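**Student:** Return atomic coordinates for the entry below.
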Amino acid sequence: MSALPREELRGLFLFEHLSEDQLDWVAANAVLEEYAGDSFVIREGDEATCFYAILNGAVRMTRLVSGTEVETNRSDQRGAYFGATQFFVHQEAEHRYGASVQALSDLTLLALPAAEFSVQFRKWFPMATHLLEGMYLGWRNSDTVIGSRRRLLALGELSAGLTHELNNPAAAAVRATSALRERVAGMRHKLAFLAKKDIDPELLYQLIDVQERLVKQVAQAEKLTAMQQADREDEIGDWFDDRGIDGGWDLADIYVRAGLTTADLDNVLEQVGDTFIDGAVRWLAYALETEMLMGEIEDSTTRISALVGKAKQYSQMDRAPHQWVDVHDGLDSTLVMLSGKLGGVRVVKEYDRGLPKIPAYPAELNQVWTNIIDNALGAMAGEGTLTLRTWRVDDQVRVEVGDTGPGIPADIKPRIFEPFFTTKPVGEGTGLGLDISWKIVVERHQGDLRVESEPGNTRFEVCLPTVEQASL
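**Tutor:** Model prediction:
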């Protein structure tokens with residue numbers, strides 16, 4: 001195919017300032033390529049042979065991350081370029097395409113051979129080539145080292161927080177299981193004791209029936225205040241004393257926690273009589289405590305499952321990279337992952353639960369929530385109030401993260417989204433968190449990220465569209 005004439009080439013922003021000779025070279029070496037919609041132009045990992053510029057149509061760029069296709073960009077801008085974009089970097093090994101590009105519609109591209117273009121580019125702009133090559137290689141090396149270190153530190157902190165949260169219910173389950181074993185053994189012993197007294201089989205059946213009815217009441221036991229608990233223990237303790245049951249005060253605590261009253265004990269007495277009441281109430285105490293311990297184990301394991309679920313929600317394990325999401329799910333899972341850092345910070349949630357789901361890359365949004373919330377917790381140093389607020393404005397969902405820290409000084413506020421800019425001491429921050437957050441919100445989701453700050457009131461506001469955007 002024939003290339004574009006010189007006049008049309010100069011109309012592309014890449015070539016508008018080239019000299020006449022340089023334009024002639026481009027016109028002589030460039031070719032026009034056409035692709036049907038849904039066809040692939042280049043594939044990640046193939047040898048990078050061409051530098052492409054869009055003339056008509058739209059493309060999507062994707063990369064494979066752990067076997068999952070992740071869309072990184074879309075564009076229909078005339079003159080936008082892709083392909084062998086590092087053609088100016090001299091390397092012994094051959095260049096490879098760093099991403100796949102697929103046509104979203106019928107597509108017309110201007111293609112330049114990367115090897116020949118590299119030679120000419122070095123001749124045309126020798127100083128610029130050296131500067132670009134040095135900047136690119138330096139950035140890539142530092143980004144690799146710092147990025148790896150940052151990810152390891154973040155993973156360590158999140159793992160520590162999750163481990164801390166998992167430890168409490170796990171330890172509770174272990175303690176309850178150990179106590180349960182003792183109570184079951186005691187219940188078997190008391191049952192054998194009752195049997196030795198030649199208890200009437202019908203009476204034993206009634207006792208078991210009473211046990212089942214009382215055990216079912218445990219789940220519906222009302223929550224008592226400390227004063228109510230003490231008063232009811234006194235009542236039940238007196239009931240045991242009146243009937244000559246030794247150690248009744250120890251048994252009273254079990255019956256009260258199980259939600260029983262003296263009326264329930266009167267019913268037991270009516271069923272078994274004075275002869276067997278002592279052994280019966282002790283056997284029933286074991287049964288009630290066993291039920292409560294099993295409830296503790298169920299509660300603990302449920303908490304563990306919930307924490308694991310939040311961790312999976314945070315990491316977006318087994319989920320599509322782009323989907324319709326509820327922003328509250330990401331905020332809540334991030335709080336769980338950062339719970340080890342909360343310390344004495346009070347968390348206030350002002351959620352509008354009526355917000356619609358939004359089209360987003362949830363794993364990346366979770367990274368935004370992590371960076372902003374982590375910075376807020378660091379600013380408050382373990383004391384203060386963290387406020388998470390959500391609401392809707394027209395076709396946007398707004399998420400605000402507020403803290404009561406010392407605030408951001410006015411002279412540095414314009415720089416907080418710059419890469420490598422940090423106010424933390426040397427070695428404690430990379431200055432990449434807010435830069436990454438800005439790119440995810442603004443470039444990936446076509447939203448907005450803004451901040452307002454004064455001493456005692458810093459608020460980061462994330463604005464995300466509620467409808468699919470033409471370019472992501």
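**Student:** Check which residues of stretch 12-19 are buried.
**Tutor:** Across stretch 12-19, burial judged by 16 or more other CB atoms under 10 Å covers Leu12, Phe15, Leu18. Every C-beta, even on glycine, is put in place using the N, C-alpha and C of the backbone.
**Student:** for stretch 287-304, same thing?
**Tutor:** 287-294, 296-297, 300, 303-304.
**Student:** what's the answer for stretch 226-235, then?
**Tutor:** Arg232, Glu233.
**Student:** just stretch 267-284 next, same as before
**Tutor:** Using 16+ other CB under 10 Å as the test for burial, stretch 267-284 gives Val268, Leu269, Val272, Phe276, Ile277, Asp278, Gly279, Ala280, Val281, Arg282, Trp283, Leu284.
**Student:** Grab the nearest non-local neighbour of the fifth one.
**Tutor:** Which is Ile277. Setting aside the residues directly before and after it, Ile277 is nearest to Leu269 in space (CB to CB, 6 or more residues apart in numbering), at 5.5 Å.
**Student:** Just the element for the one you found, please.
**Tutor:** Applying DSSP states H and E as the criterion places Leu269 in helix 262-315.
**Student:** need the next SSE after that helix, C-terminal direction.
**Tutor:** That would be, after helix 262-315 and using DSSP H and E, strand 323-325.
**Student:** For the helix or strand following that following strand, name the packing helices and strands.
**Tutor:** Next along the chain after strand 323-325, taking DSSP H and E as the criterion, comes helix 327-337. Contact analysis of helix 327-337 by 3 or more CB pairs under 8 Å, 6 or more residues apart in numbering; DSSP states H and E lists helix 126-196, helix 262-315, helix 362-380, strand 383-393, strand 396-403 as its packing neighbours.
**Student:** Distance from helix 327-337 to the middle of the chain?
**Tutor:** 5 Å (CA atoms, centre = their mean, to the nearest Å).
**Student:** Helix 262-315 and that helix, what's the angle between them?
**Tutor:** Note on geometry: by axes from the mean of the first three to the mean of the last three CA atoms, to 10 degrees, helix 327-337 and helix 262-315 are set 100 degrees apart in direction.
**Student:** Just the residues contacting the very next helix or strand once past helix 327-337, thanks.
**Tutor:** Toward the C-terminal end, the helix or strand that comes next after helix 327-337 (DSSP H and E) is strand 344-350. Applying CB atoms under 8 Å, 6 or more residues apart in numbering, the external contacts of strand 344-350 come out as Leu335, Leu377, Met380, Gly382, Glu383, Gly384, Thr385, Leu386, Thr387, Leu388, Arg389, Thr390.
**Student:** now these in a markdown table, with distance to Leu107 and pLDDT?
**Tutor:** Converted to a markdown table, the contacts of strand 344-350 look like this (distance: CB to CB, whole Å; pLDDT from 0 to 100):
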| residue | distance to Leu107 | pLDDT |
| --- | --- | --- |
| Leu335 | 44 | 86 |
| Leu377 | 47 | 90 |
| Met380 | 51 | 91 |
| Gly382 | 55 | 83 |
| Glu383 | 57 | 90 |
| Gly384 | 53 | 93 |
| Thr385 | 52 | 94 |
| Leu386 | 47 | 95 |
| Thr387 | 47 | 95 |
| Leu388 | 43 | 96 |
| Arg389 | 43 | 95 |
| Thr390 | 39 | 96 |
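**Student:** Filter those residues down to the buried ones.
**Tutor:** Leu335, Leu377, Met380, Gly384, Leu386, Thr387, Leu388, Arg389, Thr390.
**Student:** I'd like to know which of those residues is nearest to Pro465.
**Tutor:** Nearest to Pro465 among the buried ones among the contacts of strand 344-350, counting by CB to CB, is Thr390 at 14.6 Å.
**Student:** Could you check how far the closest one is from Val401?
**Tutor:** Thr390 is 10 Å from Val401, where distance means CB to CB, to the nearest Å.
**Student:** Wait, Leu32 touches Thr108, no?
**Tutor:** Yes - Leu32 lies in contact with Thr108 (CB atoms under 8 Å); the separation is 6.3 Å.
**Student:** Tell me the residues that contact both of the two, please.
**Tutor:** Counting by CB under 8 Å, 6+ apart, the contacts common to Leu32 and Thr108 are Leu55.
**Student:** now the stretch 101-250 of the chain, which segments are flagged as low pLDDT?
**Tutor:** 136, 139-165, 167-168, 186-206 (pLDDT under 70).
**Student:** ugh, typo on my part, it should be the stretch 251-400 of the chain
**Tutor:** 306-307, 309-321.
**Student:** Mind doing that once more with 90?
**Tutor:** Within the stretch 251-400 of the chain, the stretches with pLDDT under 90 are 251-325, 329-330, 332-344, 360-368, 370-371, 374-375, 378-379, 381-382, 394.
**Student:** Phi and psi next, for Leu32.
**Tutor:** Here is the backbone geometry of Leu32 (degrees, to the nearest 10): phi -100, psi 130.
**Student:** Now for the buried residues of stretch 287-304: which two are most distant?
**Tutor:** Taking CB to CB, no two of the buried residues of stretch 287-304 sit farther apart than Ala287 and Ile304, at 26.3 Å.
**Student:** Val256 reaches Ala226, doesn't it?
**Tutor:** No - look at Val256 against Ala226 with CB under 8 Å: they stay out of range, at 11.6 Å.
**Student:** shared neighbours of these two, anything?
**Tutor:** Counting by CB under 8 Å, 6+ apart, Val256 and Ala226 have no common neighbour.
**Student:** did I read that right, Ile408 in a helix?
**Tutor:** No - counting by DSSP: H, G, I helix; E, B strand; the rest coil, Ile408 is not part of a helix but coil.
**Student:** show me what contacts it?
**Tutor:** Ile416, Thr423, Val451, Ser453, Thr458.
**Student:** Save those as a markdown table, and put in secondary structure, distance to Val348 and pLDDT too.
**Tutor:** Shown next, in a markdown table, are those (DSSP: H, G, I helix; E, B strand; the rest coil; distance: CB to CB, whole Å; pLDDT from 0 to 100):
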| residue | secondary structure | distance to Val348 | pLDDT |
| --- | --- | --- | --- |
| Ile416 | coil | 24 | 79 |
| Thr423 | coil | 25 | 57 |
| Val451 | strand | 19 | 91 |
| Ser453 | strand | 18 | 90 |
| Thr458 | strand | 14 | 93 |
